[in-house]
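1. Sequence first, then the predicted structure:
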Amino acid sequence: MFGDIRKTRLIAFSAAFIGLICLASWISIPFFPVPLTLQTLFVLLTAIVMHRYAAIPVALYVLLGALGLPIFHNGLAGVGVLLGPTGGYLIGFIFAALIAGIAFENSSKTSRIAGLAGATLAIYCCGITWLMISTGMEFLPSIMIGMLPFVPGDIVKAYAAYEISKRLP
């Protein structure tokens, strides 16, 4: 690793983004109809900066939380959080980072916007699927509870991530 700037940057960015996602899990902005947390914004920003390698710090974030570090929303931790009704969304973060990261390897505006939309959709797909499995809820109620209230906030976060990306080298 000594002298390999790519590996050094990967480790440094991974540590920084794990910390930022942890910090973002504590930030909750009152929003209608549900509060807006900034975890997904920082997952998207991780993808924008680290491209496909963003899956590494996001997966480590999920692993560290599962191992008991209180880094999920409001200090929750443990495998029980992943097995609970919101666990699918956390797993979806990993796929979202990979999808958006690959999209941001391309300089096309359309590809990047589609990547952010696809990343958000991946979070919803994983989250809603696990919500249905873990609670026995039907599909339509799962959409009504697990997706629709979050769409406005996620649109704002994806737009913010895209605007921030235009200012990054």
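-> Nice, I can see it. Residues are numbered from 1 along each chain as shown.
2. Only the buried residues of stretch 114-123, if you could.
-> Under the neighbour-count criterion of 16 or more other CB atoms under 10 Å, stretch 114-123 has 115-123 buried. (C-beta placed from N, C-alpha, C; glycine too.)
3. could you dump those to a markdown table with distance to Ile145?
-> As requested, the buried residues of stretch 114-123 are arranged in a markdown table below (distance: CB to CB, whole Å):
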| residue | distance to Ile145 |
| --- | --- |
| Gly115 | 27 |
| Leu116 | 23 |
| Ala117 | 21 |
| Gly118 | 22 |
| Ala119 | 21 |
| Thr120 | 17 |
| Leu121 | 17 |
| Ala122 | 19 |
| Ile123 | 15 |
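4. Take those residues and lay them out in CSV including pLDDT and secondary structure.
-> As requested, the buried residues of stretch 114-123 are exported to CSV (pLDDT from 0 to 100; DSSP: H, G, I helix; E, B strand; the rest coil):
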residue, pLDDT, secondary structure
Gly115, 98, helix
Leu116, 98, helix
Ala117, 98, helix
Gly118, 98, helix
Ala119, 98, helix
Thr120, 98, helix
Leu121, 98, helix
Ala122, 98, helix
Ile123, 97, helix
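5. number of nearby residues for the closest residue in space to Ser134 that isn't next to it in sequence?
-> Counting by CB to CB, 6 or more residues apart in numbering, Pro85 is the residue found nearest to Ser134 once chain neighbours are left out, at 5.0 Å. By the criterion of other CB atoms under 10 Å, Pro85 has 18 neighbours.
6. Provide a list of residues in contact with Pro85.
-> 130-131, 134-135 (CB atoms under 8 Å, 6 or more residues apart in numbering).
7. So which of these wins on neighbours?
-> Within the contacts of Pro85, most neighbours by other CB under 10 Å means Leu131, with 25 neighbours.
8. What's the separation between Ala16 and Tyr162?
-> Ala16 sits at a distance of 21 Å from Tyr162 (criterion: CB to CB, to the nearest Å).
9. make that Leu83, sorry
-> Noted for Leu83: a distance of 33 Å to Tyr162, by CB to CB.
10. higher neighbour count, those two?
-> Tyr162 (17 against 13).
11. List the residues that contact the more buried one.
-> When contacts are counted by CB under 8 Å, 6+ apart, Tyr162 touches 112-113, 116.
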